[in-house]
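K.L.:
Give me a model of this one.
(2 chains)
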2 protein chains.
Amino acid sequence: MYLEAITGPEDLKRLDRDELPLLAAEVRAALLQKLSRTGGHTGPNLGVVEATIALHYVFDSPQDRIVFDVSHQTYTHKMLTGRAEAFLDPAHYGDVTGFSSPYESEHDVATTGHTSTSVSWACGLATARDLTGGDWNVVAFIGDGSLSGGEAFEGLDLAGSMKNNLIVVVNDNDASIAPNVGGLYGNLAELRATGGRAGRNFFRDLGLDYRFVPDGNDLDALVDAFAEVKGIDHPIVVHIVTRKGNGYGPAERSPEAWHSTGPFDLATGEGGPKAPPELATITARHLVARMASEPDLVAVTAGTPGMFGFTPELRAQAGRQFLDVGIAEQSAVSVTAGLVRGGAKAVYGVMSTFLQRAYDQVAQDLCLDCVPACLAVFGGTLFAPHDATHHGFQDVPMLGNVPNLVYLAPTTVEQYLSALDWGIDQTDYPVAIKVPGGPVRHGAPCEKDWGRLNSFELVQDGRGIALVGLGSMFPVAERAAAIIEKRTGVTPALVNPLYASGVDGALLGELAGRCSVVVTLEDGIVSGGFGDKVARFYGPDRRVAVLCRGLAKQVRERYDVDELLRSVRMTPEQVADDAIAAVTS
Amino acid sequence: MYLEAITGPEDLKRLDRDELPLLAAEVRAALLQKLSRTGGHTGPNLGVVEATIALHYVFDSPQDRIVFDVSHQTYTHKMLTGRAEAFLDPAHYGDVTGFSSPYESEHDVATTGHTSTSVSWACGLATARDLTGGDWNVVAFIGDGSLSGGEAFEGLDLAGSMKNNLIVVVNDNDASIAPNVGGLYGNLAELRATGGRAGRNFFRDLGLDYRFVPDGNDLDALVDAFAEVKGIDHPIVVHIVTRKGNGYGPAERSPEAWHSTGPFDLATGEGGPKAPPELATITARHLVARMASEPDLVAVTAGTPGMFGFTPELRAQAGRQFLDVGIAEQSAVSVTAGLVRGGAKAVYGVMSTFLQRAYDQVAQDLCLDCVPACLAVFGGTLFAPHDATHHGFQDVPMLGNVPNLVYLAPTTVEQYLSALDWGIDQTDYPVAIKVPGGPVRHGAPCEKDWGRLNSFELVQDGRGIALVGLGSMFPVAERAAAIIEKRTGVTPALVNPLYASGVDGALLGELAGRCSVVVTLEDGIVSGGFGDKVARFYGPDRRVAVLCRGLAKQVRERYDVDELLRSVRMTPEQVADDAIAAVTS
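P.N.:
Okay, here's the model as predicted:
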């Protein structure tokens, strides 16, 4: 085994060039072995085994800086930079995150999980190098869909006006998550077809030098290409063509399904492709059913149809009523606004963490003019632990404070679909919906008149204590209420607010007459969130003590959900304990 | 006069083609007359008089949709769509905003003030048209720097894969606010030099058809070009070359200074170019002074050096230590992160409203890894009334709730520069600074140890009432304190928090022992802001009533500052009244 002996790039460099393919085979085997047990970004990592080996064989990390865009494809990089054990020994599988992280290694420039930032980073690194008299190389490694994000263009455009060493490796696998969208991919296809010699060349247009490597899984060709550009005195793009899922049949045949997988049977691939989350599937089916009789209803995604429940089959059913704008969240929001102003109805389905990319478009394109578009915000929940880059804990602070935006937080499937239908059909407000996290809950048919903004639902009247559980935290409030009643003999009030962007002053004011403690529970960061609004409402009222429960404002890596809830005193027992203590204090 | 008789595009269409230049002359005269009195976006509007006339002469707005990117260049459009009086009659100068607005006219698709969104809007409009069976034209009018923003690329990339009528007019004036930055502008220059025939063509590479108009101030050529593409069945770019400031010597000679001006002497141009705001100038001078002995200190702008105080003279002094990335806020944040990780010190100076474009990069690129970069956030204040698109009321809700970000809010120049120096020199946190708004205030030399995070300053101890005035609202708190003391004979506590992203639990807890009313005052939207954090802190404590003062969560157009303060009960007298009433209630 070569791999076990590699403690860092210097060990890799000791190998002869003709040994590299053997190392690649070992790396690929280790990847498959681990991924078949743990799941992960299978296709992207299989595609760049050779390119990563060649990068570290030629360049001198950490002196040379290699910035991996989106960085879900850095497993080989981790293996070659002292972290092989985390891929070879099942006992150490959990030692590394799924993305690059400077907390793990000096070879990782940044914790990166959102796309399209690497070239801008590289421009900053190169400028710093020149100002401080360094002579190292800066390499950005970008592709797998990241090129469609606007910041990639911003970075390439800036790089095109720079005059110093800056190497952009474009990893062209003709795919991102779903098939690529956008005119640029036509140009990449032309470049592939002509061996890089097409007259039309997006990169040269931006002032960048250009080199083409037709087989980006050919170690010899890669090592030659990288050696040639090492130490170059101007910005250059090295366009390499890789095969997503390379070396593993099931992943090569179905790149979308194998982008990110669960554990799978190594022999057959069975189990790998993940079904969309249940509520995403419910969403997509609901929308497709409506589309059949509403030709003006459009579902929009920014390159992530799966998390929105839109499998290839449902996309086919939706036809041109499903619009994938590519990984380009900003554009997705403006397109959605345009759809509505053009006379269509539109729902943009997006992960909370990725919607951060379009904060400004939400605030300006949608909200300044109250464009009645609908956003379905998935993954804004602590019930789905991810790596740090993909948590959706900030959606309420982010969306709940934007003027004119109505942010709804249903608890049950019935409430959610009712909110979704209202968001689509109404014509007055930009509406976003916090798709419930945690176990999918069904409830009574929902008759809610959502147009009565900020009309909270008093699920159970009571006195002494009022429990206000937002969205997926309502069930915790419900259970805490039962505990309190059992323990004190007094029925507490129980409120499902349903709205995350405002408070029901009438109801809260009324409750102050019979409750001296109000507890808010929310699924996300408490700072700037829903509870803060309740605390402000009761601020002037000395009769009422308010306890705001939610996550502290901090970055988290993967965690255990129950432990996390306990650590922020959000188990039903803790909520009951604290509320009772507050009444009697 | 033709202009006075034009109540809408139908009147324009009745003119003969050879009358259009006369109309253009009248429009230009009206523009100069009004702008010399009121100020505004002088250069951009002078440049597109002919293009706008030609658009409305050929296309049929509002049936055809014309989306103006950034829309600060829509004055002629307003004159031609029923709003001429607002440019001809000084009594009506205030009738229109400086940007497009559907609240003003059915000819305005959206309220637009941030760049680079128009092509995405056009894609959405075109898709809606096709789904609903319409046959109108969709026109995006983009340029004047907007092409460097990533969303413009996202939109063009998407347009390049569409198959329907979509016309993108690229208004190429070889300028934005400051001179253009980026490789793309090299390609535009090549296209200009070759009459549009250069082999390298950024737009064609994205799959778009292309037509070139060498003189974008030639009405005949424009009308011909637009007539030719009207009704086209696929996406096309019409690249027109205009002169920023066309027809007015001073503006033609100094496009940067004349991008946005104050009132000016029509004969000489005197008074037009605006000096940067005083604190911006102080900032730039301070940084340039440091740069002289610190070759690794870099100031970054995203195409708006002026608001950061970096005049052409100071830019020349800073040399390569001043980096303009073009209008590309996302890239600016990632570049800043790269600069710091590459060994430099970096300050990104940005308007609060534009930083919204980079919310995700702040949260991910800077904050996940605690990259110790510094952001100077200008214009996050109610003391600078703008049109709705440019208000910076959301900076505390936006930045104050991002994990790891330290958001400082100094009051005086001395505090501000001390905070700035600390932000640059420290190595632990991403730091943003809310540059004070309102009248520039000087104070005592600042000895603050900013590294003691969230250590509020107790400026005056007291009892009964505590006044907590953040940043530029501290002077109001100070004056309210004097009123309260005078009226009640009791000295209230007076706190300058200095930190907008957290609370000083020790101090606030201690104050609860002697104060029963705490009033927070902040310069921006109260929802999700600083006061909410104080309200949450005191939530469990029934001894203390908290009054949070700030702006309601709503969109505002221009306003009178004093009236606004009164309407939210933030004059010193009102604050004193309410605090005294709360103590005795």
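
K.L.:
Quick check: can you list the domain ranges of chain A?
P.N.:
Domain assignment for chain A, taken from automatic domain parsing, gives A:3-246, A:280-434, A:457-584.

K.L.:
winner for burial among the ones you listed?
P.N.:
Mean neighbour counts were taken over the domains of chain A using mean count of other Cβ atoms under 10 Å in any protein chain shown, and the top value, a mean of 24, falls to domain A:280-434. The way it works is simple: take the backbone N, C-alpha and C, and place the C-beta from them, glycine included.

K.L.:
mind checking the end-to-end distance for that one?
P.N.:
Its first and final residues considered, domain A:280-434 spans 12 Å by Cα to Cα, to the nearest Å.

K.L.:
and that domain, how far out from the chain's middle?
P.N.:
Relative to the centre of its chain, domain A:280-434 is centred 14 Å away, using Cα atoms, centre = their mean, to the nearest Å.

K.L.:
List the contacts of the lowest-mean-pLDDT helix or strand in chain A.
P.N.:
For chain A, using mean pLDDT, DSSP states H and E, the weakest element among its helices and strands is helix A:183-193, scoring a mean of 92. With contact meaning Cβ atoms under 8 Å, 6 or more residues apart in numbering or on different chains, helix A:183-193 is reached by A:147-148, A:172, A:174, A:198, A:200-202, A:212, A:214, A:239, A:241, B:156-161, B:205-208.

K.L.:
Could you export the domains of chain A as a markdown table, including distance to B:Pro572?
P.N.:
Listed next are the domains of chain A as a markdown table, based on distance: least, Cβ to Cβ, whole Å:
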| stretch | distance to B:Pro572 |
| --- | --- |
| domain A:3-246 | 45 |
| domain A:280-434 | 27 |
| domain A:457-584 | 19 |
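
K.L.:
Quick one: closest of those to B:Gly269.
P.N.:
B:Gly269 lies closest, by Cβ to Cβ, to one member of the domains of chain A: domain A:3-246, at 30.9 Å.

K.L.:
residue boundaries of the helices in the stretch 101-250 of chain A?
P.N.:
A:118-131, A:150-159, A:183-193, A:202-205, A:219-229, A:249-253 (DSSP state H, counting those that start in this stretch).

K.L.:
wait, which of the domains of chain A is closest to B:Leu375?
P.N.:
domain A:3-246 (14.0 Å).

K.L.:
how long is the closest one from one end to the other?
P.N.:
Using Cα to Cα, the end-to-end distance of domain A:3-246 comes to 19 Å.

K.L.:
mind listing what A:Val377 touches?
P.N.:
Contact partners of A:Val377, counting by Cβ under 8 Å, 6+ apart, are A:350-352, A:355, A:392, A:395, A:399, A:432-435.

K.L.:
so for the helix or strand containing it, what's the average pLDDT?
P.N.:
Using DSSP states H and E, A:Val377 sits within strand A:374-378. Averaging pLDDT along strand A:374-378 yields 98.

K.L.:
One more: stretch A:420-440?
P.N.:
Stretch A:420-440 comes out with an average pLDDT of 98.

K.L.:
Can you measure across that stretch, start residue to end residue?
P.N.:
With Cα to Cα as the measure, the first residue of stretch A:420-440 is 16 Å from its last.

K.L.:
where does chain A dip in pLDDT?
P.N.:
Applying pLDDT under 70 to chain A picks out residues A:175-180.

K.L.:
From A:Met1, how far out is A:Ala25?
P.N.:
11 Å (Cβ to Cβ, to the nearest Å).

K.L.:
One more: A:Ile525?
P.N.:
Using Cβ to Cβ, A:Ile525 is found at 45 Å from A:Met1.

K.L.:
Downstream of the lengthiest helix in chain A, the next helix or strand is which one?
P.N.:
Using DSSP state H, we find that the single longest helix of chain A is helix A:20-38. Remark: after helix A:20-38, the chain's next helix or strand is helix A:42-47, criterion DSSP H and E.

K.L.:
In contact with A:Ala576, which residues are there?
P.N.:
Counting by Cβ under 8 Å, 6+ apart, A:Ala576 touches A:480, A:483-484, A:487.

K.L.:
tell me which element it is part of?
P.N.:
Using DSSP H and E, A:Ala576 sits in helix A:572-584.

K.L.:
If you drop the residues flanking it in sequence, what lies closest to A:Gly39?
P.N.:
Nearest-residue entry for A:Gly39: A:Gly262, 4.1 Å, with adjacent residues in sequence omitted and distances by Cβ to Cβ, 6 or more residues apart in numbering or on different chains.

K.L.:
from memory that neighbour sits against A:Gly271, does it?
P.N.:
Yes - the pair A:Gly262 and A:Gly271 qualifies as a contact (Cβ atoms under 8 Å) at a distance of 6.0 Å.

K.L.:
Could you name the helices and strands sitting against the longest helix of chain A?
P.N.:
If you count contacts as 3 or more Cβ pairs under 8 Å, 6 or more residues apart in numbering or on different chains; DSSP states H and E, helix A:20-38 packs onto helix A:42-47, helix A:49-58, helix A:75-78, helix A:85-88, helix A:219-229.

K.L.:
and those as TSV, adding distance to chain B?
P.N.:
Converted to TSV, those look like this (distance: least, Cβ to the nearest Cβ, whole Å):
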stretch	distance to chain B
helix A:42-47	19
helix A:49-58	18
helix A:75-78	17
helix A:85-88	20
helix A:219-229	18
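
K.L.:
Same list, those, but as TSV with distance to A:Glu563 please.
P.N.:
Putting these into TSV (distance: least, Cβ to Cβ, whole Å) gives the following:
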stretch	distance to A:Glu563
helix A:42-47	28
helix A:49-58	34
helix A:75-78	26
helix A:85-88	22
helix A:219-229	44
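
K.L.:
Please identify which of the ones you listed is closest to A:Val333.
P.N.:
Across the helices and strands packed on helix A:20-38, closest to A:Val333 is helix A:42-47 (Cβ to Cβ), at 25.9 Å.

K.L.:
Contacts for that closest one, please.
P.N.:
So helix A:42-47 is contacted by A:28, A:31-32, A:35, A:72-76, A:144, A:171, A:173, A:175, A:217, A:242-248, A:251, A:255, A:258-261, A:264, A:272 (Cβ under 8 Å, 6+ apart).

K.L.:
Just to check, A:Ala444 is in contact with A:Glu414?
P.N.:
Yes - the criterion here is Cβ under 8 Å, and A:Ala444 meets it with A:Glu414 at 6.7 Å.

K.L.:
Not including adjacent chain positions, what is the nearest residue to A:Val546?
P.N.:
Distances taken as Cβ to Cβ, 6+ apart put B:Gly539 closest to A:Val546, at 3.6 Å, once the chain neighbours are dropped.

K.L.:
what does A:Val119 give?
P.N.:
Spatial nearest neighbour of A:Val119, excluding adjacent residues (Cβ to Cβ, 6+ apart): A:Gly155 at 2.9 Å.
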